[in-house]
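Participant: from the sequence below, what's the structure:
(chains A and B)
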Amino acid sequence: MTIDEDNTHSAMLAQSVGDYVQRGSDLPRVRALAQTRAEFDRSQWRQLAELGWLGVLVPESCGGLGLGLGEAAIVAEGLGRALTPEPYTAVAVLAARVLEHAAATTLREELLTGLVAGDRIPVLAWQEQADDFAGQQIAATATPFEGGYRVSGQKKFVIGASAADGYLVTAQAADGLQLLWVPRDAQGCSTGLQPLADGRSYGEITFKDVTVSREQVLASGGAARAALDRALDHAAAAASAELVGVMKRANEMSLEYMKTRVQFGKAIGSFQALQHRAVDLYIQQELADAVLREVIGQLDDALPDRERALAVSRARSRCADAALAITRAAIQFHGAIGFTEDCDVGLYVKRAMTVSAWLGNARAHRARYARLSAQPQHKEAA
Amino acid sequence: MTDWNAGSDEEFRAEARRFFENEFPAEFKFLPRRMRWSECRGWYLKLSQKGWIAPNWPREYGGMGLSPSKLLIYFEETERAGVGRMPDQGITMVGPTLIRFGNDAQRAHYLPKIIAGDATWCQGYSEPNAGSDLASLRTEAVPEGNDYVINGSKIWTSMAHDATNIYVLARTDKQAKKKQEGISFFLVDMKTPGITLRTIRNIAGHEEFCQVFFDNVRTPKENLVGELHQGWTIAKGLLGFERLNIGSPRRPLQALEKLESLAQARGLLADPAFVERFTRLKLDLADLGSLYGRYVDKARRGEAMGPDVSMLKVWSMDTYQRLSELLMDAAGEYGAVEGEIAYGDTNIDVLSPFYNSRPGTIYGGSNEIQRNILAKYVLNLPS
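Facilitator: Modelled structure (predicted):
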């Protein structure tokens, strides 16, 4: 693809994302969904599919647009800004990236094609313990059985589980790590939901002797690990873009309010104490935006694993901290009204909380950054 | 002329590292103060001969025209090798200002002298009663024959005692309605009769800044930059370049280098509480680099800096101070000791970043003034 075509795609995508964000105050719908804990609206999901957004990263051979992470980040930022609760990053980035690097099977093609069309909703179930966002500690087992496996174990923190029709599951077998497809309604598979602050939920998926055929094996050993690591890093970057969307809108709301709210006979935005605080938060927003752009640009040129992880942890740490600081301050800037359920500020605070906690929070990513940057580069090759 | 952007970043880094490590005089490495001209002239000329004296200038004026990523590498490698800060006003302020606001004759006369090391510059901005409120300055310039005659005084003029030239903001119209109007921008030779100066000792005990007195100092009319009475626009343009310069990661990198060595020498990287603070600061600085890159791109396209460049200055100097404070903390009892402390085979001056980072939140418009600017012109908050 030439640079011009590339730019045209980005520009068109940015335009349609801009229209989407403009068109809708999606907020009444978001609020209604949050109150009923229905985080997924199938007609909305179809709309995202029709816009082509679910297939941004998916190869053209499977019906996608075959674009880069830069384009996926445009969509993620727009959806973050609109507070769209549907699991775009979990499905169209995380699951799509894992499947892209899975073995070329009929199942892979079927899942990817279905994902793009909005008919299939696969999500990744890889994590078992808090802070282990890379899914390194896997107690789930895959025991050989009649040409396939029997899978047992439990996975947590699965965003999108309430809508998913199946899981991309990691499990340990005697011959190494396995990445397996388990339909939601498979015998022995049960999905529990843990409520999140913003009305969405984490899935807690339990597998009890679930039978998996050979055809359901998507990747094994080193190939599975590599697909997983790359997908998780790319998803963490896309989630950071969501956070940038959330923080920008929250900042705009605070600034609009400070210009109109009058106390002591003046707009409160004229008070220096508030101005300086608003400036410091704006600097955090611009740092987050600059880091994210730089990192996304680097991720599209295939980076070595260590550099990719360092770059993503850097973006993630800044974007999560900034989103939390900005949305929390938005409550303070709005005063008592900011603490009411009716005030939209709360929706932004809560979304910042859930997106920051998922895929490794800022502290966990800083710890990874510290660990990796302390390692001499040449040892990484192993 | 060599196109330094042609090769890969890795190649450029290797060359910069080799050059700075081998060629910068060992006796001045990691100097706790700014270098005097007598100390750094040889190094300045060496950089000049290599074509490396003005990394930020366009190539047509003898600069390197570096891309943001290579400019960052240039800074990282200078700080890694402990290259001290030279009188750099000509490179960082005067050059970009004349390129943008000067005329051809001024560019032809002054720019090559800066590149060649024949001229070093200082800044005549602040006055005893015009600090943060710069536009209330009272130094005045009156036309007389082919000259302007300047009277008044400038203060906090860094390295004026080493400068051959000074650029001066002076009032040329006292009747102007607003105090920002009626100010003009002049170039003055420091050897002109009527200029005297006194040095001022700073909190670290170094004599780096001065007060400069103007007593009927004549500067030829061709040394007026831009239009008469329109100097405030140029002054602000120059402040944009100054904020870009102060906002570069270069100075905080200096403190990070020291902090990293000290942490390693004292085994602090095994302490999770220290590592968390250290990593935060490291990321604060790395992220500054990402934001800085945007403005370097802008400067390379020849665009003036907007008010948003103040973000860089606030964040860079805040980060510099926080790094210097963690350095003191990391030294324990030695955090109060003056001069170099020996850690194995490295010597670290723990207090110099503390002192050197203090004025950064004051000069170039204090960080509070920067926040006022950002609130008013970027966030459009009411006054």
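Participant: what residue of the chain is the furthest out?
Facilitator: Here I'm looking at chain A. residue A:265 (44.1 Å; CA atoms, centre = their mean).
Participant: chain B was what I was after
Facilitator: In chain B, the residue that sits farthest from the middle, by CA atoms, centre = their mean, is residue B:270; the gap is 36.1 Å.
Participant: quick revisit: quick one: the residue farthest from the centre of chain A and chain B, what's the gap?
Facilitator: Remark: distance between residue A:265 and chain B (CB to the nearest CB, to the nearest Å) = 12 Å. No exception for glycine: its C-beta is placed from N, CA and C like everyone else's.
Participant: of all residues in the stretch 51-200 of chain A, which one is closest to chain B?
Facilitator: residue A:131 (13.6 Å; CB to the nearest CB).
Participant: sorry, back to before: next, give phi and psi for the residue farthest from the centre of chain B.
Facilitator: When read as degrees, to the nearest 10, the backbone of residue B:270 gives phi -90, psi 0.
Participant: okay, now the residue nearest to the residue of the stretch 51-200 of chain A closest to chain B when sequence neighbours are not counted: neighbour count?
Facilitator: Distance criterion CB to CB, 6 or more residues apart in numbering or on different chains; nearest residue to residue A:131, sequence neighbours excluded, is residue A:364 at 4.9 Å. Using other CB atoms under 10 Å in any protein chain shown, the number of residues around residue A:364 comes to 20.
Participant: before we move on, what about residue B:252?
Facilitator: The local packing of residue B:252 (other CB under 10 Å) involves 28 other residues.
Participant: again with residue B:262
Facilitator: By the measure other CB under 10 Å, the count of residues near residue B:262 is 22.
Participant: summarise which helices and strands the helix or strand harbouring it is packed against.
Facilitator: If you go by DSSP states H and E, residue B:262 is part of helix B:250-266. Where contact means 3 or more CB pairs under 8 Å, 6 or more residues apart in numbering or on different chains; DSSP states H and E, helix B:250-266 is packed against helix B:68-80, helix B:272-300, helix B:310-330, strand B:340-343, strand B:346-349, helix B:352-357.
Participant: pLDDT on that helix, on average?
Facilitator: Here helix B:250-266 scores 93 as its mean pLDDT.
Participant: stretch A:258-267 too?
Facilitator: 97.
Participant: list the buried residues for it?
Facilitator: Residues of stretch A:258-267 classed as buried: A:258-259, A:267 (neighbour count, 16 or more other CB atoms under 10 Å in any protein chain shown).
Participant: output the below-cut-off pLDDT ranges for the stretch 1-150 of chain A.
Facilitator: Applying pLDDT under 70 to the stretch 1-150 of chain A flags the ranges A:1-6, A:24-25.
Participant: please repeat the previous calculation with a cut-off of 90.
Facilitator: Where the stretch 1-150 of chain A drops to pLDDT under 90, the residues are A:1-14, A:16, A:18-39, A:104, A:146-147.
Participant: likewise for the stretch 1-150 of chain B?
Facilitator: B:1-2, B:27, B:29-34, B:56, B:67-69, B:71-72, B:75-76, B:79-80, B:82, B:84-88.
Participant: circling back: now the helix holding residue B:262: buried residues?
Facilitator: Buried, per 16+ other CB under 10 Å, within helix B:250-266: B:250-259, B:261-263, B:265-266.
Participant: can I get it in PDB? Just the C-alpha atoms.
Facilitator: What follows is helix B:250-266, C-alpha atoms only, in PDB (Å, rounded to 0.1, in the frame of the first residue of the first chain):
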ATOM      1  CA  ARG B 250      18.500  18.100  27.500                       C
ATOM      2  CA  ARG B 251      18.900  19.500  31.000                       C
ATOM      3  CA  PRO B 252      16.800  17.000  32.800                       C
ATOM      4  CA  LEU B 253      18.700  14.200  31.000                       C
ATOM      5  CA  GLN B 254      21.800  15.500  32.800                       C
ATOM      6  CA  ALA B 255      20.200  14.900  36.100                       C
ATOM      7  CA  LEU B 256      18.900  11.500  35.100                       C
ATOM      8  CA  GLU B 257      22.400  10.400  34.000                       C
ATOM      9  CA  LYS B 258      23.700  11.200  37.500                       C
ATOM     10  CA  LEU B 259      20.700   9.600  39.200                       C
ATOM     11  CA  GLU B 260      21.200   6.400  37.200                       C
ATOM     12  CA  SER B 261      24.900   6.200  38.100                       C
ATOM     13  CA  LEU B 262      24.200   6.900  41.800                       C
ATOM     14  CA  ALA B 263      21.400   4.400  42.000                       C
ATOM     15  CA  GLN B 264      23.600   1.700  40.400                       C
ATOM     16  CA  ALA B 265      26.500   2.500  42.700                       C
ATOM     17  CA  ARG B 266      24.400   2.400  45.800                       C
END
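Participant: now what about that helix, what contacts it?
Facilitator: Helix B:250-266 has contacts (CB atoms under 8 Å, 6 or more residues apart in numbering or on different chains) with B:30, B:75-76, B:78-80, B:82, B:268-269, B:274, B:278, B:281-282, B:285, B:288, B:316-317, B:319-320, B:323-324, B:326-327, B:330-332, B:343-344, B:346, B:348-350, B:353, B:356-357, B:360.
Participant: buried members of the residues you listed into PyMOL, please.
Facilitator: Per 16+ other CB under 10 Å, the buried members of the contacts of helix B:250-266 correspond to this PyMOL selection:
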select buried, chain B and resi 30+75+76+78+79+80+82+268+274+278+281+282+285+288+316+317+319+320+323+324+326+327+330+331+348+349+350+353+356+357+360
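Participant: OK, contacts around the nearest residue to residue A:332 once chain neighbours are set aside?
Facilitator: Distances taken as CB to CB, 6+ apart place residue A:338 nearest to residue A:332, at 6.9 Å, with adjacent residues excluded. When contacts are counted by CB under 8 Å, 6+ apart, residue A:338 touches A:330-332, A:345-346.
Participant: mind redoing it with 7 Å?
Facilitator: Counting by CB atoms under 7 Å, 6 or more residues apart in numbering or on different chains, residue A:338 touches A:330-332, A:345.
Participant: out of the residues you listed, the closest to chain B would be?
Facilitator: Using CB to the nearest CB, residue A:330 comes nearest to chain B of the contacts of residue A:338, at 14.0 Å.
Participant: quick check: the residue of chain A nearest chain B.
Facilitator: Using CB to the nearest CB, residue A:275 is the residue of chain A that sits closest to chain B, at 3.7 Å.
Participant: what's the neighbour count on that residue?
Facilitator: There are 22 residues near residue A:275, going by other CB under 10 Å.
Participant: okay, helices next: where are they in chain A?
Facilitator: If DSSP state H is used as the criterion, the helices of chain A fall at A:3-23, A:27-36, A:42-50, A:69-81, A:88, A:96-100, A:106-117, A:221-260, A:272-300, A:305-334, A:345-357, A:362-374.
Participant: report all helices and strands that the fourth one contacts.
Facilitator: Read that as helix A:69-81. Judged by 3 or more CB pairs under 7 Å, 6 or more residues apart in numbering or on different chains; DSSP states H and E, the packing partners of helix A:69-81 are helix A:3-23, helix A:88, helix A:221-260, helix A:272-300.
Participant: can you lay out these as CSV showing distance to residue A:57?
Facilitator: Shown next, in CSV, are these (distance: least, CB to CB, whole Å):
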stretch, distance to residue A:57
helix A:3-23, 12
helix A:88, 11
helix A:221-260, 8
helix A:272-300, 11
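Participant: pick the most deeply packed of the ones you listed.
Facilitator: Greatest average neighbour count among the helices and strands packed on helix A:69-81 goes to helix A:88 (a mean of 25), per mean count of other CB atoms under 10 Å in any protein chain shown.
Participant: so which elements touch that one?
Facilitator: helix A:69-81.
Participant: now the helix it packs on against helix A:221-260, angle please.
Facilitator: For helix A:69-81 against helix A:221-260, the angle by axes from the mean of the first three to the mean of the last three CA atoms, to 10 degrees is 50 degrees.
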